[in-house]
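# Pasting a predicted model and its sequence here:
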Amino acid sequence: MQQAGISVDTEQRKKIIVEQANYLANGVDGCLVMQSNLLDEVVNLVEAPVPVLGKFSESFLVLPKDLLVMVMQKHQKYFALTDTNESLLRISLLLQMEQLMNQLLGKEMKFYSGETWNDGGQNDTGREYR
């Protein structure tokens, strides 16, 4: 299983998720909203976790922060990101299995690999990304 990139140890998967998620969040000057109950749930949904960042439409930010975070966590199993002032960013962290990544890349969602976004441009912090 390990040769196939699948970790059967849930604690090891948690460690991978937390480390990679924090790395990605730091790359966009974001702070991860990490709730342990969501982490406990997603660690058992994905055997080979690949954290990625996705962007959603800025128009959603007119909704209350708590509502958006609840929807991300409960219905979409995403982790929200905030800036240093705890304002919600229009970037969220999700987990995917590596082999599903190509199927999930679409026009509406833009993914960040830790160094670049898949569409080029600027992130929400104003820093350029390619």
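Thanks, I have it. Residues are numbered from 1 along each chain as shown.
# hey, let's count contacts and neighbours off CA atoms from now on
OK.
# Kindly list the main-chain dihedrals of Leu89?
phi -90, psi 160 (degrees, to the nearest 10).
# Could you verify my assumption that it touches Leu81?
Yes - if you go by C-alpha atoms under 8 Å, Leu89 and Leu81 touch, sitting 5.6 Å apart.
# between those two, who's got more neighbours?
Taking other C-alpha atoms under 10 Å, Leu89 and Leu81 do not tie; Leu81 has more neighbours (24 against 21).
# quick one: contacts for the more buried one?
Leu81 makes contact with Ala25, Gly30, Cys31, Leu32, Val33, Leu88, Leu89, Arg90, Ile91, Ser92, Leu93 under the criterion C-alpha atoms under 8 Å, 6 or more residues apart in numbering.
# Does the last one lie in a helix or a strand, and which?
Spelled out, it's Leu93. Using DSSP states H and E, Leu93 sits in strand 88-97.
# Would you map the strands across the protein?
All strands of the chain, identified by DSSP state E, fall at 31-33, 49-55, 79-82, 88-97, 111-112, 121-122, 128-129.
# Is it possible to get TSV of the ones you listed that adds mean pLDDT and distance to Glu11?
Listed next are these as TSV, based on pLDDT from 0 to 100; distance: least, C-alpha to C-alpha, whole Å:
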stretch	mean pLDDT	distance to Glu11
strand 31-33	91	19
strand 49-55	85	12
strand 79-82	92	18
strand 88-97	81	16
strand 111-112	52	25
strand 121-122	48	35
strand 128-129	36	33
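# what's the closest of those strands to Ile16?
Minimum separation from Ile16 across those (C-alpha to C-alpha) falls at strand 49-55, 7.6 Å.
# Output the closest one as CSV, nothing but the C-alphas.
Once non-C-alpha atoms are left out, strand 49-55 reads as follows in CSV (Å, rounded to 0.1, in the frame of the first residue of the first chain):
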residue,chain,number,x,y,z
PRO,A,49,-4.3,13.1,1.0
VAL,A,50,-3.1,15.9,-1.3
PRO,A,51,-4.0,19.3,0.2
VAL,A,52,-4.6,22.0,-2.4
LEU,A,53,-6.0,25.5,-2.3
GLY,A,54,-9.0,26.6,-4.2
LYS,A,55,-10.5,30.0,-4.9
